[in-house]
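J.: from the sequence below, what's the structure:
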Amino acid sequence: MTGSDPGAPVNRLRLKVQGADGQARVLEFTDTIEADAVRKAESRGMRVLAIETPAEGSAASVSAARARFPLILFSQELLALLDAGMNLAEALSTLHAKERVAPVRAVLAKVLLALREGRNLSDVMAAAPQHFSEVYVATVRASERTGDLPQALTRYIAYQSQFETLRKKLQSAAIYPAMLLAVGGFVTLFLLGYVVPRFSVVYESSGREIPWLSAILLSFGKLIYNNWQIALAALLAGFGALGWGVSQPRGRAWLLAQVLSLPWLAARADEFRLARFYRAVSLLLASGISLPRAMGMVGGLLGPHQQGPLGQCRLAVEQGQSLSVALVGAGLAGEVAESLVKVGERSGQMAEMLERAARFADDEFSRWVDWASRLLEPVLMVVIGLVIGTVVVLMYMPIFDLAGSLQ
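T.: The predicted structure follows:
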């Protein structure tokens, strides 16, 4: 997992497991790949809670490495070649031959080499978690039992496409407000740093007393004008620090957490996370993964404050409680999701009903994004107009006073 071959064994692997007595303990394996270690733990009646390996490194490095490998594009191209009648080895060889990006080509070469050595595709992918997510590996592993890899790839592509559609919708909705803020901020800085100092010279030469609000504004403008090098350097440093922070996975995660913690966004963020959770569980159920295990595998999609209720919900399901009751009891399902899950329990189509619950939540979230973007744009325009208008009025207030005294 750390070397050049994703199928090579690691030096040490630590598994946090829960035994039949309910107590958590740590098992250590040497010269064992992750998939084999998990199988050994499960064969001893233990449930794997977490996996720690030296290859994991920081969350930032794993996220960055996964971002470099186009998993969705790889899945789409692999599906197209399999549907054309190629076997798995031929399809991977074709993808490797046509790839021009060196890191991606290297990953495909390692996967293809391990596959030709007789290893299962899921085991090869499980040994490279920086490129292949746990959900993806579980989907492929389940398809190896059924012999229907194209169907598994189709389900995963549909799962990720829904998320990508919403992500692009959010990005599009944020472009115009960001441009408004940038233009409004530039105009405000231009007024404060260039126009206001010229007015201050005129007012000082008149020798008249000016209103205190205007005096504060003029003093601030003169300060920026007289120290424009420092102000420009501070502005560029601020933008540089912001850009660097956004470019780092941890920085993006921190910024996103701060934004989503706002009271009027927190509830919608929780609904969005629940929709992704429902869809991921639906994908794993359709792949043949048991419900408790599927809930544990994709629990990371939920927020930190939802992890505790999810653990209670999973424990209740393992003890024989229905999923609908467990979800409602943990506060992880609304009225619509509860009704759809109950239908799935009666009909035996739990995966389809969870997918419908996720689709319903996604549609509601999309409508909210449209409404919020339409409302945010005029609100920002009003705020920017008030800021610029206040600066202009304070600049001209001494002129108004002078005109009044002349009359």
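J.: what about S290, how many neighbours?
T.: 12 (other C-beta atoms under 10 Å). Just so you know, the C-beta spots here come from the backbone N, C-alpha and C atoms, and that holds for glycine as well.
J.: sorry, that was for P70
T.: By other C-beta under 10 Å, 14 other residues sit near P70.
J.: ok, and the closest non-adjacent residue to it?
T.: Leaving out its chain neighbours, the residue that sits closest to P70 by C-beta to C-beta, 6 or more residues apart in numbering is V104, at 6.8 Å.
J.: with P197 instead?
T.: Y225 (3.9 Å).
J.: separation between that neighbour and E318?
T.: Separation of Y225 from E318 (C-beta to C-beta, to the nearest Å): 69 Å.
J.: same thing with K98?
T.: Going from K98 to E318 by C-beta to C-beta gives 46 Å.
J.: more crowded one of those two?
T.: Shown here are K98 and E318; by other C-beta under 10 Å, E318 has more neighbours (16 against 10).
J.: list the contacts for the more buried one?
T.: P292 (C-beta atoms under 8 Å, 6 or more residues apart in numbering).
J.: again, but for F186
T.: Contacts of F186 (C-beta under 8 Å, 6+ apart): none.
J.: start the count at 58 instead of 1 going forward.
T.: Got it, first residue is 58 now, which makes that one F243.
J.: name the element it belongs to?
T.: For F243, the element it lies in under DSSP states H and E is helix 206-247.
J.: helix or strand right after that helix?
T.: helix 253-263.
J.: so which bits of the host helix or strand of A290 are buried?
T.: Per DSSP H and E, A290 falls inside helix 285-304. Under the neighbour-count criterion of 16 or more other C-beta atoms under 10 Å, helix 285-304 has A288 buried.
J.: how about the strands of the chain, start to end?
T.: 70-75, 81-86, 104-109 (DSSP state E).
J.: okay, the angle between the helix holding F243 and helix 253-263?
T.: For helix 206-247 against helix 253-263, the angle by axes from the mean of the first three to the mean of the last three C-alpha atoms, to 10 degrees is 10 degrees.
J.: what angle sits between helix 206-247 and helix 285-304?
T.: Going by the same axes, to 10 degrees, helix 206-247 makes 170 degrees with helix 285-304.
J.: what is the rounded mean pLDDT of helix 206-247?
T.: Taken as a whole, helix 206-247 has an average pLDDT of 81.
J.: tell me the contacts of R202?
T.: G345.
J.: how close does it sit to T196?
T.: 11 Å.
J.: for K399, same thing?
T.: 26 Å.
J.: more neighbours: those two, which one.
T.: Set side by side, K399 and T196 show more neighbours around T196, with 26 against 16, by other C-beta under 10 Å.
J.: check which residues of stretch 371-380 are buried.
T.: In stretch 371-380, counting by 16+ other C-beta under 10 Å, buried: 371, 373-375, 380.
J.: max pairwise distance over those residues: which two?
T.: The span of the buried residues of stretch 371-380, defined through C-beta to C-beta, is set by E375 and L380 at 11.2 Å.
J.: returning to what we had before: any idea how far the helix holding A290 is from the middle of the chain?
T.: 25 Å (C-alpha atoms, centre = their mean, to the nearest Å).
J.: can you check stretch 167-187 too?
T.: Worked out by C-alpha atoms, centre = their mean, stretch 167-187 lies 27 Å from the chain centre.
J.: first to last residue in that stretch, what's the distance?
T.: End-to-end distance for stretch 167-187, by C-alpha to C-alpha, to the nearest Å: 14 Å.
J.: in it, which residues are buried?
T.: By neighbour count on 16+ other C-beta under 10 Å, the buried set for stretch 167-187 is 167-172, 176, 178-187.
J.: same question, stretch 150-169
T.: 150-153, 156, 161, 164-169.
J.: end-to-end on that stretch?
T.: Where stretch 150-169 begins and where it ends lie 7 Å apart, using C-alpha to C-alpha.
J.: chain center to that stretch, what's the gap?
T.: In terms of C-alpha atoms, centre = their mean, the gap separating the centre of stretch 150-169 from the centre of its chain is 26 Å.
J.: low-scoring stretches of the protein, by residue?
T.: 58-70, 77-80, 87-93, 96, 100, 104-124, 263-265, 309, 458-464 (pLDDT under 70).
J.: against S318, how distant is the residue most central in space within it?
T.: Among the residues of the chain, A310 comes closest to the average C-alpha position under C-alpha atoms, centre = their mean, at 7.8 Å. Distance, A310 to S318, by C-beta to C-beta: 12 Å.
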